[in-house]
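1. Structure of the sequence below:
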Amino acid sequence: MLLACAAALAVGFGLRPHHEQATLAVNRVPTARSYATTAWLRAGRPWSDAEVDDLRGKLAPLAGAYAFPAQTGLLISDGRSGRVLYSRNSRVALVPGSTIKLVTAAAALEALGPDHRFETSIVTDATEQAPALAGSIWLVGGGDPELTSDDLRRGVHELQLAGIERITGDVYGDGSRYGPDRVNPDWDPDDLEYGWAAPASALSVDGGSVQFTITPHAGEQASVGVDPPGTRMIAAVDTVDAYGDNTLRIDLLPNNNGYAVRGQIPYGAPQKYWRAVPHPTQAAAVSLLAMLRLAGVDVLGSAMTGIAPQPTATLWRHQSRPLDAIVRHMFFLSDNHYAEELLRAVGYKASGLGDLHNSLAAERAFLHAQGIPTQGLVVADGSGLSPRNRLTALALGQTLEYVLKQPLPLPAYSLLPRAGLEGTVAVRDDLDPGAKGRVFAKDGYIEGASAIAGYVLTAHHGPVIFVFLVNEWQNGLDAVWSDEDQMLDIIAAS
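-> Residues are numbered from 1 along each chain as shown. Purely as a prediction, here's the structure:
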């Protein structure tokens, strides 16, 4: 089992804890597989009173064990009827960590629908476009959380196929759909340099992050590559022997004008690091300009930000995958960027304003509209990075029940990774063999808070919803996880 200290150590080296796995959007999780529609997922008899009593009798010793502190909220309920099978402090608001992404996803699926696709386009005010485009172009963001550098390269190729060899004006990034790029004021300032805490923007490339690839060379300085192109960088990284210390630092230059990559790295395989870009919209424009020039397009102007004028002609249009596939990616990798972008999409759909304030209000309104008790709840972001977030086990459980009953293309549990097998919950590998493949879950962890919630597809009773929220444990996180896994084993066998 992964130790809590390992997650903390990973952060110290610029990596993400297991629930905040560093990745660019190019590493997309595939769509759900057919295991989600097998007959035993749909089968199951109703719970009798005697069976509920038997389940409670088996769970109570574990739920009351020394591993669980006073600040523990537990809820186990039948997925189809909502009948509570077991609860402890289920109305106490606790820090949920990344399990708040379950609420973000539910609100997005309700507001936009599972088939929704986000659109990014390149438009121009020029009437003459080939071979010389006499004007400027705008890269217009529609809130696509998985837009990548490769997508932009394909856009550049489309412009070349249209015969564009020169652009006389500027290259603009238009992220106005959600307002100015912003980081959440509640987030730990020490996190803000890392890719998992990138500012939210309607226009961001590669998750609003820059990827640095450091390749050691024996007896020489390491080579440093950066993607997306156009990123300004000063690099001086020494290579030391394989047992030497890694003292690599990646710092912003003054005025956020690029990055300084310095220090030393042990000899070995190339290593990748991600850093957030302070202004994703501007960075996207810089990247597009660099790609155009690398492709041989002569651009006379500069990279800037600005709102596209009307009317314009569309030169390239890109659509994301459907929303349900985006949600699945977010759950599997606990991708904070995806969550924050989906939160803004909910706000924009509700009010035409995608800023943080209106987006949080829209998410709270979603909970209220579903009849989910909101007293004591604090929704401070979409991802779970904020330590101010507070959810009850009941609110999360009812959110899971709501999603389970929606007419999605595939059952709701197929959006979540299987504990002990895949995604961030692969580390929950102490489950019995009979439970693996039957527990679909989202986990979360920030300092002082551990959580896991999702669905158990039981042996005899169909889907069961579970929520385990644990704050301020005293006897080690491994002990908490061990008791939770034993409870999941019992539920799965029921």
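
2. wouldn't L469 be in contact with P96 here?
-> Yes - counting by CB atoms under 8 Å, L469 touches P96, with 6.1 Å between them. C-beta coordinates here come from the backbone N, C-alpha and C atoms, glycine included.

3. So if I had to pick from these two, which one is more boxed in?
-> P96 (32 against 29; other CB atoms under 10 Å).

4. For the more buried one, give me phi and psi.
-> Dihedral pair for P96: phi -90, psi -10, per degrees, to the nearest 10.

5. Please give me every residue in contact with it.
-> G384, N389, R390, L391, L396, G444, A449, A451, L469 (CB atoms under 8 Å, 6 or more residues apart in numbering).

6. Can you tell me how far the closest residue to it other than its chain neighbours is from V95?
-> With sequence-adjacent residues excluded and distances taken as CB to CB, 6 or more residues apart in numbering, P96 is closest to L391, at 4.3 Å. Relative to V95, L391 is positioned 8 Å away (criterion: CB to CB, to the nearest Å).

7. who touches both of these two?
-> Taking CB under 8 Å, 6+ apart as the contact rule, the neighbours common to L391 and V95 are L469.

8. and the two? which has more neighbours close in?
-> L391 (30 against 26).

9. From V240, how far off is that one?
-> From L391 to V240 the distance is 46 Å (CB to CB).

10. same thing with G82?
-> With CB to CB as the criterion, G82 and V240 are 59 Å apart.

11. These two: which is more packed in?
-> Taking other CB under 10 Å, G82 and V240 do not tie; V240 has more neighbours (17 against 13).

12. show me what contacts the nearest residue to P114 once chain neighbours are set aside?
-> Using CB to CB, 6+ apart and skipping residues adjacent in sequence, the residue nearest P114 is D324, 4.0 Å away. By CB under 8 Å, 6+ apart, the residues touching D324 are T31, L109, P114, D115, L408, P409, L410, L415.

13. Next up, the contacts around the closest residue in space to A308 that isn't next to it in sequence.
-> Leaving aside its chain neighbours, A308 sits nearest to W138 (3.9 Å; criterion: CB to CB, 6+ apart). Shown in contact with W138 (CB under 8 Å, 6+ apart): I122, V123, T124, Y172, G173, D174, G306, I307, A308, T312.

14. for those, which one is nearest A295?
-> I122 (13.4 Å; CB to CB).

15. related to what we said a few turns ago, mean confidence for the host helix or strand of the residue nearest to P114?
-> Element membership for D324 (DSSP states H and E) is helix 323-333. Averaged over helix 323-333, pLDDT sits at 98.

16. Could you export the helix or strand containing the residue nearest to A308 as PDB, CA atoms only?
-> Assigned by DSSP H and E, W138 belongs to strand 137-140. Listed next in PDB are the C-alpha coordinates belonging to strand 137-140 (Å, rounded to 0.1, in the frame of the first residue of the first chain):
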ATOM      1  CA  ILE A 137      -6.000  35.700 -36.400                       C
ATOM      2  CA  TRP A 138      -7.600  34.800 -33.100                       C
ATOM      3  CA  LEU A 139      -7.300  31.400 -31.200                       C
ATOM      4  CA  VAL A 140     -10.700  31.400 -29.500                       C
END
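
17. That one: what's the following helix or strand?
-> Once the chain leaves strand 137-140, the next helix or strand it forms, by DSSP H and E, is helix 149-161.

18. For that next one, name the packing helices and strands.
-> strand 119-124, helix 280-294, strand 313-319 (3 or more CB pairs under 8 Å, 6 or more residues apart in numbering; DSSP states H and E).

19. ok so, going back, go ahead and confirm the residue nearest to P96 touches V92.
-> No - the pair L391 / V92 is not scored as a contact, 10.0 Å apart, by CB under 8 Å.

20. Can you get me a residue count around the closest residue to A107 other than its chain neighbours?
-> Take A107 and drop its neighbours on the chain: the residue closest to it by CB to CB, 6+ apart is F366, 4.1 Å away. For F366, the neighbour count with other CB under 10 Å is 22.

21. quick one, phi/psi of F366?
-> Residue torsions, per degrees, to the nearest 10, at F366 are phi -60, psi -50.

22. which residues touch it?
-> Applying CB under 8 Å, 6+ apart, the residues contacting F366 are V103, A106, A107, E110, A111, V346.

23. can I see the domain layout of this protein?
-> 4-116+323-493, 118-320 (automatic domain parsing).

24. Point out the most buried one among those domains.
-> domain 4-116+323-493 (a mean of 20; mean count of other CB atoms under 10 Å).

25. List the contacts of stretch 147-161.
-> 24-26, 120, 122, 139, 141, 203-206, 227-229, 284, 287-288, 291-292, 295-297, 315-316, 318, 320.

26. Would you check the distance separating it from the middle of the chain?
-> 24 Å (CA atoms, centre = their mean, to the nearest Å).

27. Let me see the contact set for the closest residue in space to A283 that isn't next to it in sequence.
-> Among residues not flanking A283 along the chain, V277 sits closest, at 4.2 Å (CB to CB, 6+ apart). Going by CB under 8 Å, 6+ apart, V277 touches A198, P199, S204, G208, S209, V210, A283.

28. What of I137?
-> Residues near I137 by CB under 8 Å, 6+ apart: I122, V123, T124, A126, I167, G169, D170, V171, Y172, L315.

29. What of P278?
-> Listed by CB under 8 Å, 6+ apart, the contact set of P278 reads D181, P199, L252, N256.

30. Nearest to T215 among these?
-> Among the contacts of P278, L252 lies closest to T215 (CB to CB), at 22.4 Å.

31. Wait, that closest one touches H279, no?
-> No - judged on CB under 8 Å, L252 makes no contact with H279 at a distance of 11.2 Å.
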